[in-house]
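Trainee: Output the structure for:
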Amino acid sequence: MHIVLLSLFPAALEPYLGASILGIARAKGLVRLEVVDFRDFTRDRHRTVDDRPYGGGPGMVLKPEPISDCVDWLERTHGAFHKILLTPDGTPFRQPRARALATSPRVLFLCGRYEGFDERLRDAYAWEEVSLGDFVLSGGELPALCITEALVRLLPGVLGHQESAQRESFENARLDHPHYTRPPSWRGRDVPDVLKSGDHAAIERWRGLEADRRTRARRPDLIQEV
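Mentor: Predicted coordinates for the structure are as follows:
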């Protein structure tokens with residue numbers, strides 16, 4: 001899988017892409033993670049990527065030419081990408097969408113900044129617009145990192161135990177069950193006896209019931225969506 005993040009701030013992205021799960025997957029060659037600064041595709045000596053909005057108003061708007069030149073170059077070089085815009089008006093990102101996107105050979109994220117990008121850029125390509133929720137950030141870098149990690153950890157060989165990705169929150173429309181480790185007693189709180197029983201069938205039943213209980217208490221909307 002080849003993932004490209006288009007950003008004006010590659011130095012903010014690279015440390016995270018090189019750490020933990022993403023860094024290990026990258027080092028193993030299980031995924032190709034690339035950050036491209038679309039300022040490198042500007043056409044003037046000042047490397048201008050934004051301008052004042054037509055009609056007036058606060059802030060600056062990203063110009064279409066550097067971004068489109070960057071996208072076109074990437075697709076000429078590597079082939080077609082599934083292109084994603086991180087926008088407040090995009091579809092909320094959910095785990096089922098992560099699973100579907102994890103099968104794509106190439107994914108490209110455009111990390112916007114300032115007041116956003118020229119609307120004509122939205123019309124020029126077949127973008128999927130995605131949002132992490134009803135809140136506003138200064139740019140798309142953090143959402144792009146979040147979604148990148150959600151995709152990469154689903155790739156075969158990335159996690160130490162692939163079953164981990166199949167038994168987590170939002171799989172099968174449920175939250176995850178509670179987890180415990182040593183010590184068996186901590187601050188007067190004990191690990192449930194069933195988890196220490198060695199009865200794997202009973203443990204699985206307990207985990208299923210706890211996952212249902214937690215989902216109904218905290219996220220009943222997940223059950224209603226099924």
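Trainee: can you pull the buried residues of the longest strand seen in the chain?
Mentor: In the chain, taking DSSP state E as the definition, the longest strand is strand 82-92. By 16 or more other C-beta atoms under 10 Å, the buried positions in strand 82-92 come out as 82, 83, 84, 85, 86, 87, 90. C-betas here are computed from N, CA, C, even on glycine.
Trainee: mind checking how far the residue minimising distance to the centre of the chain is from residue 86?
Mentor: Nearest residue to the geometric centre of the chain (C-alpha atoms, centre = their mean): residue 147, 0.5 Å. As judged by C-beta to C-beta, to the nearest Å, residue 147 and residue 86 stand 8 Å apart.
Trainee: Show residues contacting stretch 44-61.
Mentor: Under the contact criterion C-beta atoms under 8 Å, 6 or more residues apart in numbering, stretch 44-61 has outside partners 8, 38-39, 42, 62-63, 66, 113-118.
Trainee: tell me which residues of it are tucked away?
Mentor: For stretch 44-61, by 16+ other C-beta under 10 Å, it's 49, 50, 61.
Trainee: Nearest to residue 212 among these?
Mentor: Among those, residue 61 lies closest to residue 212 (C-beta to C-beta), at 47.7 Å.
Trainee: Need the three-state assignment for the nearest residue to the closest one once chain neighbours are set aside.
Mentor: Nearest non-adjacent residue to residue 61, counting by C-beta to C-beta, 6 or more residues apart in numbering: residue 53, 4.9 Å away. State at residue 53, reduced to three classes by DSSP: H, G, I helix; E, B strand; the rest coil: coil.
Trainee: Which helix or strand lies directly C-terminal to the helix or strand bottoming out on mean pLDDT in the chain?
Mentor: Counting by mean pLDDT, DSSP states H and E, the chain has its least confident helix or strand at helix 163-166, which shows a mean of 56. Per DSSP states H and E, helix 163-166 leads on to strand 185-186 as the next helix or strand towards the C-terminus.
Trainee: so what strands line up beside that following strand?
Mentor: If you go by DSSP bridges, strand 185-186 pairs up with strand 189-190 (antiparallel).
Trainee: picking up where we left off before, in the next helix or strand after the longest strand of the chain, which residues are buried?
Mentor: Sequence-wise, the next helix or strand downstream of strand 82-92 (DSSP H and E) is helix 95-101. By neighbour count on 16+ other C-beta under 10 Å, the buried set for helix 95-101 is 95, 97, 98, 99, 101.
Trainee: immediately after helix 95-101, which helix or strand?
Mentor: Later in the chain than helix 95-101, the nearest helix or strand by DSSP H and E is strand 106-110.
Trainee: pLDDT averaged over the helix or strand following that following strand, what's the number?
Mentor: Following strand 106-110 in sequence order, the next helix or strand is helix 119-124 (DSSP H and E). In this model, helix 119-124 carries a mean pLDDT of 95.
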